[in-house]
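K.L.:
My questions concern the predicted model and sequence given below.
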Number of protein chains: 2
Amino acid sequence: MRISQGVEWGLHCCLTLAWADNPEPLPTAKLAARFDLPSAYLNKRLQALMRAGILTSTSGSRGGFRLARSPVDITLWDVVAAIEGEETAFRCTEIRQRAGASPDECRHPCSVALAMYTAEAAWREALSKQTLADLMNASPEAAPTRARRWFELNRR
Amino acid sequence: MRISQGVEWGLHCCLTLAWADNPEPLPTAKLAARFDLPSAYLNKRLQALMRAGILTSTSGSRGGFRLARSPVDITLWDVVAAIEGEETAFRCTEIRQRAGASPDECRHPCSVALAMYTAEAAWREALSKQTLADLMNASPEAAPTRARRWFELNRR
DNA sequence: GACGCGGTACTCGGATAACCGATGTCCGAGTGTCGCCGG
DNA sequence: CCGGCGACACTCGGACATCGGTTATCCGAGTACCGCGTC
């Protein structure tokens, strides 16, 4: 089991956008350069965040991405779900039906699936409780000022 | 993100072994036939459970697998970790270092990684709290008797 | 009749392919900007 | 000097290759059983 790298990228980019806190959008290329990531692929992930309503995009020259709402209202689950998808990690294939379980029982999920879903719910809840703003507070003192400085240097 | 199918197979097989509750080992082929699974591949997963100390294997004729200890002492995390591995699903690649974070800060994990690890810890704990015995209790009444009946039919 | 021995069938165990999704790359569509031209 | 217009540069957006990992398969190593031969 592995969470795609795009999640890490997405979270760091959201943090950067939050610190920049700028009315002007930030293009993918700038963000990619900051973290030394492949620009085109990062763009793919930012698009996913846009489709989920976390970012807003502007086309054309002077275009780019901005946070769609305040960091207080963006949970980590929002970001993870946008990039990884909302499907459960555990997929029940109903193998009990091969073992002769009656169709009547199969109206309820089997105990195995239920247990796995319960654990996943705990994971999602833990993610939902943490917002982007919490992440900003938990970061070291130097981080926001560094982000601002970088942002000033990369202003067009 | 996706949990491999082997986890589902492993859990159902452990349940079957628990219900059989037999001093004689059960060969992979029988278990595979019960759930209509590819036998050789299932064997690979059962091997993993054996390496983790959840099952014991016996080679040769009349060989097979047995539970290594009581269902009360087998948590779901034991099974999941045995098959999926104990590595975290989220892998921090330290992209903050590309963004100019000082080596001094990097002695601590970054806030993003910390948050993700915290959520994963909640998931693991939820799995650790549930044992195989709990799963047996949560299963419908018909399941254990069906398993026993199947087991008697497939006795050699 | 009892013991020892060899062959056989069965099962685990690890090494070896095939398929699928994540990763990475490219080019087209759309939009704002800047410079030029005309009034 | 001012306003309109056109070409350009920039950025997003989706379509097309590539790679790693899960899934699937096969063959060898080891062991218990069964039958036979001998004492």
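P.N.:
Looks like it came in fine.

K.L.:
Where does A:R69 fall, secondary structure wise?
P.N.:
Following DSSP states H and E, there is no helix or strand that holds A:R69.

K.L.:
ok, it to A:T28 distance?
P.N.:
Distance of A:R69 to A:T28, computed by C-beta to C-beta, to the nearest Å: 20 Å. Where you see a C-beta, it was placed from the backbone N, CA and C, and this is true even at glycine.

K.L.:
who's more crowded, these two?
P.N.:
A:T28 (22 against 13; other C-beta atoms under 10 Å in any protein chain shown).

K.L.:
so who does the more buried one touch?
P.N.:
Going by C-beta atoms under 8 Å, 6 or more residues apart in numbering or on different chains, A:T28 touches A:39, A:42-43, A:46, A:64-65.

K.L.:
For chain A, give me the ranges with low pLDDT.
P.N.:
Segments of chain A classed as low confidence (criterion: pLDDT under 70) are A:156.

K.L.:
In it, where's the longest helix?
P.N.:
As assigned by DSSP state H, the longest helix anywhere in chain A is helix A:111-128.

K.L.:
List the residues that contact the residue most central in space within chain A.
P.N.:
Centroid check for chain A by C-alpha atoms, centre = their mean gives A:V79 as the closest residue, at 2.2 Å. Residues in contact with A:V79 (C-beta under 8 Å, 6+ apart) are A:7, A:10-11, A:14, A:49, A:54, A:132.

K.L.:
Just the closest of those to DNA strand C, please.
P.N.:
A:V7 (8.2 Å; C-beta to the nearest atom of the strand).

K.L.:
hang on, the closest one packs against A:A81?
P.N.:
No. Counting by C-beta atoms under 8 Å, A:V7 does not reach A:A81; the two are 9.9 Å apart.

K.L.:
more crowded one of these two?
P.N.:
A side-by-side neighbour count of A:V7 and A:A81, using other C-beta under 10 Å, places A:V7 first with 23 against 19.

K.L.:
That one: what's it in contact with?
P.N.:
Contacts for A:V7 (C-beta under 8 Å, 6+ apart) come out as A:79-80, A:83-84, B:90, B:116.

K.L.:
Looks to me like it is in a helix.
P.N.:
Yes. The assignment for A:V7 by DSSP: H, G, I helix; E, B strand; the rest coil puts it in a helix.

K.L.:
Report the separation between it and A:K129.
P.N.:
A:V7 is 17 Å from A:K129, by C-beta to C-beta.

K.L.:
Close to DNA strand C: what parts of chain A are there?
P.N.:
Contact residues, chain A versus DNA strand C (C-beta under 7 Å from any atom of the strand): A:4-6, A:38, A:40-41, A:43-44, A:59-63.
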